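K.L.:
What follows is a protein structure lacking sequence information:
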């Protein structure tokens, strides 16, 4: 299987991209980079600006949030097929938690400025992605 087809088979399962047409998915697939993180390596750091979206291809990671009192809490766990960082595709706000690989972890990474270039060239894709982000945000609010 070619690398682009492999990436396509992964990203088409991500809710953020499920409404996109095949040509739009192919365009976005070309923007992903492949990165591997060793066990205990920080993938992203709480408080720093996010660079983009991460999709876990293999391995596992934990989202750890440091509270004001210094205590740390595991707030989420990620395995193959899971993703994080989608909000940083749309804004440059600080990460709300650190994500740390708990074993060797391979991720596909979509950097925000590459994603922005795709959205500028295809406004229809931008609208579909924004709808998916809004839907995901509603789902999170419904759990609170």
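P.N.:
In hand now; what should we look at? From a predicted model like this one, the values you see are computed outputs, not experimental measurements.

K.L.:
By residue count, what's the longest helix in the protein?
P.N.:
helix 123-143 (DSSP state H).

K.L.:
What residues sit buried inside it?
P.N.:
125, 126, 128, 129, 132, 133 (16 or more other Cβ atoms under 10 Å). The way it works is simple: take the backbone N, C-alpha and C, and place the C-beta from them, glycine included.

K.L.:
Nearest the middle, which residue of the chain would you pick?
P.N.:
Against the mean C-alpha coordinate of the chain, by Cα atoms, centre = their mean, the closest residue is residue 53 at 2.7 Å.

K.L.:
what bits of the chain have low per-residue confidence?
P.N.:
1, 144 (pLDDT under 70).

K.L.:
And the helices in it, which stretches?
P.N.:
Using DSSP H, helices in the chain cover 3-11, 22-29, 112-121, 123-143.

K.L.:
follow-up on the earlier one: counting contacts, what elements does the longest helix of the chain pack onto?
P.N.:
In terms of contacts (3 or more Cβ pairs under 8 Å, 6 or more residues apart in numbering; DSSP states H and E), helix 123-143 is packed against helix 22-29, helix 112-121.

K.L.:
what sits up against it?
P.N.:
Residues outside helix 123-143 that contact it (Cβ atoms under 8 Å, 6 or more residues apart in numbering) are 15-20, 24, 27-28, 86-87, 89-90, 118-120.

K.L.:
any idea which of those is closest to residue 105?
P.N.:
residue 86 (17.8 Å; Cβ to Cβ).

K.L.:
Now for that closest one, how many residues are close by?
P.N.:
Neighbour count of residue 86, defined by other Cβ atoms under 10 Å: 22.

K.L.:
which residues sit in contact with it?
P.N.:
Contacts of residue 86 (Cβ under 8 Å, 6+ apart): 16, 53, 133, 136.

K.L.:
again, but for residue 82
P.N.:
55, 56.

K.L.:
circling back: drop anything exposed from the contacts of helix 123-143.
P.N.:
16, 17, 20, 24, 27, 28, 86, 87, 89, 90, 118, 119.

K.L.:
Can you give me every residue that contacts residue 78?
P.N.:
Contacts for residue 78 (Cβ under 8 Å, 6+ apart) come out as 56, 60, 61, 62, 63, 84, 99.
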